[in-house]
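build me a model from this:
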Amino acid sequence: MINKRLKIILFIVFGILLVPLIAMQFTTEVNWGIEDFALMAVLLLGTGLLIEVVLRQVQSKGNRILLCSLIIIALFLVWAELAVGIFGSPFAGS
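Numbering: from 1, shown residues only. The predicted structure follows:
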């Protein structure tokens, strides 16, 4: 049985992925392929599941906040690198 938080994580990931899908219908500025949606789904789902693990396993509130913050910062750094290549790695097409 899928627990309530996992359902919420899946719903949030689906909702976030709907934003570029809907934007693609109205503008040519957003041009995502299936690989972009798949990669972003993996990033978002992985982030959500890592946060779920932290919330279940870490008892200290301060440590939970710290670890969840680090996970979210890592997501944003990977996302920014893939989007615009802030570090100039080969993953960004630089």
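
middle-most residue in the chain, spatially?
Nearest residue to the geometric centre of the chain (C-alpha atoms, centre = their mean): Leu44, 2.5 Å.

what residues are up against that residue?
Neighbour list for Leu44: Ile12, Val13, Ile16, Leu17, Leu75 [criterion: C-beta atoms under 8 Å, 6 or more residues apart in numbering]. Any C-beta I mention is one placed from the backbone N, CA and C, and that applies to glycine too.

okay, now the second one: neighbour count?
In this case it means Val13. Residue neighbour count, defined by other C-beta atoms under 10 Å, stands at 20 for Val13.

pretty sure it contacts Gly46?
No. Counting by C-beta atoms under 8 Å, Val13 does not reach Gly46; the two are 9.8 Å apart.

now the buried members of the contacts of Leu44.
Neighbour-count burial (16 or more other C-beta atoms under 10 Å) applied to those gives Val13, Leu17, Leu75.

now do the helix or strand harbouring the first one: distance to the chain's middle.
This means Val13. Assigned by DSSP states H and E, Val13 belongs to helix 4-26. Distance of helix 4-26 from its chain centroid, counting by C-alpha atoms, centre = their mean, to the nearest Å, is 10 Å.

also stretch 15-30?
With C-alpha atoms, centre = their mean, you get 16 Å for stretch 15-30.

so what touches it?
With C-beta under 8 Å, 6+ apart, stretch 15-30 has contacts from Asn31, Trp32, Asp36, Phe37, Met40, Ala41, Leu44.

for Thr27, what are phi and psi?
Reported as degrees, to the nearest 10, the phi and psi values for Thr27 are phi -150, psi 150.
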